[in-house]
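Asker: Sequence first, then the predicted structure:
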Amino acid sequence: MRRLALGIVLAAVLAACGEKQPPAPPKTPAADLAAGKAFAERDCKGCHGLDGKGIAPAIPHLAAQNERYLLAALQEYRLRKRMHAALREIAAHMSEADARNLAAYYASLPPVPPAAVAGRLVSPYERGKELAAACSKCHGDDGNSKAPGIPSLAGQQPHYLVLAIQEYLNKERKAAPMHALLPGLRKRDIESLTLYFASQTPAQHARAPFGDPAAGEPLSGVCGGCHGAQGVSLDASTPSLASQDARYLVGAIKAYRTTRQRESMRVYVSGLSEREIENIAAYYSVQKSQAAEKGQTLVQDLTDKCERCHGAGAADNPAMIVPKIGAQDRDYLVMALRAYRDDRRDNSAMHRMSLPYSDAVIESLAAVYAARPAK
């Protein structure tokens, strides 16, 4: 009986082997580099050159780029997921063979040499430290103010500081004499300055000569929804209140009743008595705060993150379709990172990576990669 069963199984296997198997999927034809070069000569060299080097700032280098990435980029232009009108038009009229040949041609070219860098690369933190010297008379050498009524800037959230500076420039806040220096700062300078202050450690304050911190603690419950537990904000656009000068906090709270334009703040503070305002300020002034950023190592930390996907050999990983960014045009990298940050280019991972960062940080990161050899 066992032999009979075995014979039936063997017969079934042999019968299955004899059945006609489905044909294997056709292999993708090999790319034709000569055809790719001819296409580049006709439609691409005006911007990217036959050697794959962008002819002007903000035009990407294509030489030695990841072939699969180039094909994916052309597909995104064809599907109108990327913005460039001319490339959308070109991609829309390309055949699959054209795209394959063109991508293979540019990928086969030798890489563009990295950009020459005059002197050392200056990080936004270092630039901010230089600019902060002009602020030290009022706000302290490291942003820890020692003058009553003058706010400490150490450890403050950077986006909030940028917003506050803009409000001073727009005359939405009462300006002090030192704020006359602000109009001379470029946007990148302001971002660098705020990054420096955000990276400093806030000093502990002694108890204020007014108010009762214990009485202020329960009153701070509503504030904590935005400003964080004990006044340590985790939102880059919302200020930390912990370790802040108490007299400054009193003045700021009262200003939201009149001149400062925050409706949610005005509704809440309008119902507070003078004593309650002093208690809240006294409470927050003695809370321990922390640096909001690590500007000293921020660019290096971001570079380390980028290397996980864009480092040596990453382009050869079949599970990833990523561009090589070493020796890429700096202005193009800036433009691409801004587009991801501002949600004008579709890539959820890159959007999350770029979202928190200012132009000053993006430009420094782009300069680092433009000066690196292609990998």
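Answerer: Good, I have the coordinates.
Asker: where do the helices sit along the stretch 201-350 of the chain?
Answerer: Shown for the stretch 201-350 of the chain, the helices assigned by DSSP state H, counting those that start in this stretch span residues 213-219, 221-227, 246-255, 263-269, 274-285, 298-310, 330-341, 348-354.
Asker: In stretch 230-242, which residues are buried?
Answerer: 230-233, 236, 238-242 (16 or more other C-beta atoms under 10 Å). All C-beta atoms are positioned from the backbone trio N, CA, C, and that covers glycine.
Asker: Save these as TSV, and put in pLDDT and distance to Val162 too.
Answerer: Formatted as TSV, these follow (pLDDT from 0 to 100; distance: C-beta to C-beta, whole Å):
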residue	pLDDT	distance to Val162
Gln230	97	24
Gly231	97	20
Val232	98	19
Ser233	97	14
Ala236	90	9
Thr238	95	13
Pro239	96	12
Ser240	98	15
Leu241	98	18
Ala242	98	20
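Asker: Make sure Thr238 is actually in contact with Leu161.
Answerer: No: judged on C-beta atoms under 8 Å, Thr238 makes no contact with Leu161 at a distance of 11.5 Å.
Asker: For the helices of the stretch 201-350 of the chain, state which one has the densest average packing.
Answerer: Across the helices of the stretch 201-350 of the chain, averaging neighbours per residue (mean count of other C-beta atoms under 10 Å) puts helix 274-285 on top, at a mean of 22.
Asker: Measure how that one sits relative to helix 246-255, angle-wise.
Answerer: Counting by axes from the mean of the first three to the mean of the last three C-alpha atoms, to 10 degrees, helix 274-285 points 130 degrees away from the direction of helix 246-255.
Asker: residues in contact with helix 274-285?
Answerer: 205, 207-208, 210-217, 219-220, 223, 230-231, 241-247, 249-250, 253-254, 269, 272 (C-beta atoms under 8 Å, 6 or more residues apart in numbering).
Asker: run the last query once more with 7 Å
Answerer: 205, 207-208, 210-213, 215-217, 219-220, 231, 241-242, 244-246, 249-250, 253-254 (C-beta atoms under 7 Å, 6 or more residues apart in numbering).
Asker: Just the C-alphas of that helix, formatted as PDB.
Answerer: C-alpha atoms of helix 274-285 as PDB (Å, rounded to 0.1, in the frame of the first residue of the first chain):
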ATOM      1  CA  GLU A 274      -1.400  91.700  39.300                       C
ATOM      2  CA  ARG A 275      -0.600  89.300  42.100                       C
ATOM      3  CA  GLU A 276      -1.300  86.300  40.000                       C
ATOM      4  CA  ILE A 277       0.900  87.500  37.300                       C
ATOM      5  CA  GLU A 278       3.800  88.000  39.700                       C
ATOM      6  CA  ASN A 279       3.200  84.600  41.200                       C
ATOM      7  CA  ILE A 280       3.400  82.900  37.700                       C
ATOM      8  CA  ALA A 281       6.600  84.900  36.900                       C
ATOM      9  CA  ALA A 282       8.100  83.900  40.200                       C
ATOM     10  CA  TYR A 283       7.300  80.300  39.600                       C
ATOM     11  CA  TYR A 284       8.800  80.000  36.100                       C
ATOM     12  CA  SER A 285      11.900  82.000  37.000                       C
END
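Asker: Sweet, I'm off.
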